[in-house]
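*Asks:* take a look and give me a structure for this.
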Amino acid sequence: MKPTIKIKDLSKTYVSKERTKIFKSKKKTVKALNRINLNIYEGEIFGLLGPNGAGKTTLIKCLTTLLLPTEGTAEINGYDLLRDDKMIRASIGCMLMGERGLYWKLTGRENLDFFGSLYYVPPKRRREKTEELIGLLSLSDFIDRTVETYSSGQKMKLAFAKSLINEAPILVLDEPTVTMDVHAARELRTIVKDLNEKGHTIVYTTHVMQEAEELCDRVAIIDKGEIIALGAPDELRAGIEQESVTKVEGIIPQKAVKEVRTLAGVKEVGLTSNNGMSKMVIVSENSRVILPQVIRTLFDNGSTIEYISPEDVTLEDVFISMTGRTLSEDTVV
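*Replies:* Now for the predicted structure:
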């Protein structure tokens, strides 16, 4: 199997201003990507998994020629990133900015026709492909309305259709299900699998670990602009299977989290909170041994536990084991 995307020492640095006082600021350098080396092979679904701000979108914007890297280069479908940008664009179908990449004053059909023309798809084939996509994605109820009247989920469906209009061999999808309901997201994942079976190479970015586990042949976990883990989902999970994972749900104060982290045998603790409710993931040497200590520590520090149980290892647990944070926490640079 040959690489269809070869990335070598790719880096991207931004220089911005950080305000220190009302009329004063200082330069701030942010390294969004730090010497990424990666091969993505023909015919695979490759996942880029990481929290918001980790560098996933910056990487695919570089690969799709929307951003120039600060250092390094890449080869996409046999074309050099820095010399063959037009050929690279012709080789890739992109869903990078979701609904923001559409023209809201045009109808859905007019959007597909316009973007097809940018790729020099012949008029007859554009009309045929548009009809195919309307049927495939169930767009008929709204395809002839202006996009400004669409719901967020309908806009995402149209953005996905736009990425398929040029029938490119490589498909890049950046958080494609982020505003879709459960049913629409499930349908999209099914279509992604079908496209892959027909020969498309797919790069799929997400911070939802269930999507990566369901779809991807291999996954790169990105954090703070670097690849911290790479491999098939089963391989990555196997790396921490000698450890145990315990999941707790309830009302958990920060002081209780700090105390749990100090317990003997606890490797990492990740916490997410939403509307006062918390989910805590504990990676430890032996969950059954430390479970009584965890429960006692949580109660002693004002926690209310609604659910606690040892769980199977997931890709999010791999990330927590490596960083001490959950995938839903934004990366702070």
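
*Asks:* what sits closest to Leu82 if chain neighbours are left out?
*Replies:* Thr73 (5.7 Å; CB to CB, 6 or more residues apart in numbering). (Each C-beta comes from the backbone N, C-alpha and C, glycine too.)

*Asks:* the one you found - that's part of a strand, no?
*Replies:* Yes: the assignment for Thr73 (DSSP: H, G, I helix; E, B strand; the rest coil) places it in a strand.

*Asks:* wait, it sits on Lys8?
*Replies:* Yes: in this structure Thr73 lies within contact range of Lys8 using CB atoms under 8 Å: 5.9 Å.

*Asks:* what helix or strand is the nearest residue to Arg325 once chain neighbours are set aside on?
*Replies:* Nearest non-adjacent residue to Arg325, counting by CB to CB, 6+ apart: Gly270, 5.7 Å away. Counting by DSSP states H and E, the element that carries Gly270 is strand 266-274.

*Asks:* which residues outside that strand are in contact with it?
*Replies:* Contacting residues not belonging to strand 266-274 are listed as 243, 252, 257, 260-261, 278-285, 290, 316, 320-321, 323-326, 328-329 [CB atoms under 8 Å, 6 or more residues apart in numbering].

*Asks:* all strands of the stretch 51-200 of the chain, in order?
*Replies:* With DSSP state E, counting those that start in this stretch as the criterion, the stretch 51-200 of the chain has strands at 71-76, 79-80, 92-95, 170-174.

*Asks:* nearest to Ser140, of those?
*Replies:* Each of the strands of the stretch 51-200 of the chain has some distance to Ser140 by CB to CB; the shortest is strand 92-95, at 20.4 Å.

*Asks:* neighbouring strands - and their directions - for the closest one?
*Replies:* strand 170-174 (parallel) (DSSP bridges).

*Asks:* the partner strand - what's its average pLDDT?
*Replies:* For strand 170-174, mean pLDDT rounds to 95.

*Asks:* list the contacts of that strand.
*Replies:* Outside strand 170-174, the residues touching it (CB under 8 Å, 6+ apart) are 4-5, 56-57, 60, 63-64, 76-77, 91-98, 160, 163-164, 192, 195, 200-205.

*Asks:* could you do stretch 229-247 as well?
*Replies:* So stretch 229-247 is contacted by 38, 212-213, 216-221, 267, 279-288, 290-291, 294, 307-315, 317-319, 321-322 (CB under 8 Å, 6+ apart).

*Asks:* could you list which of these belong to strands?
*Replies:* 38, 218-221, 267, 279-284, 307-311 (DSSP state E).

*Asks:* of the contacts of strand 266-274, grab the buried ones for ChimeraX.
*Replies:* The ChimeraX selection below is limited to those of the contacts of strand 266-274 classed as buried (16 or more other CB atoms under 10 Å):
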select :243,252,257,260,278,279,280,281,282,283,284,290,316,320,321,323,325,326,328,329
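
*Asks:* residues contacting Gly153?
*Replies:* Neighbours of Gly153 in contact, by CB under 8 Å, 6+ apart: 179-181, 184.

*Asks:* from those residues, which is closest to Arg125?
*Replies:* Ala184 (26.9 Å).

*Asks:* pLDDT score assigned to the closest one?
*Replies:* For Ala184, the predicted pLDDT is 90.

*Asks:* ditto for Glu99
*Replies:* Per-residue confidence (pLDDT) for Glu99: 66.

*Asks:* against Ile134, how distant is Lys124?
*Replies:* Here Lys124 is placed at a distance of 16 Å from Ile134 (CB to CB, to the nearest Å).

*Asks:* the two: which has the busier surroundings?
*Replies:* Ile134 (19 against 8; other CB atoms under 10 Å).

*Asks:* pull the contacting residues for the more buried one.
*Replies:* Going by CB under 8 Å, 6+ apart, Ile134 touches 109, 140, 143, 161.

*Asks:* out of those residues, which end up buried?
*Replies:* In the contacts of Ile134, burial by neighbour count holds for 109, 143, 161, counting by 16+ other CB under 10 Å.

*Asks:* just checking, the last one touches Leu112?
*Replies:* Yes: the pair Ala161 and Leu112 passes the contact test of CB under 8 Å, sitting 6.1 Å apart.

*Asks:* who touches both of those two?
*Replies:* Residues touching both Ala161 and Leu112 (CB under 8 Å, 6+ apart) are Leu133.
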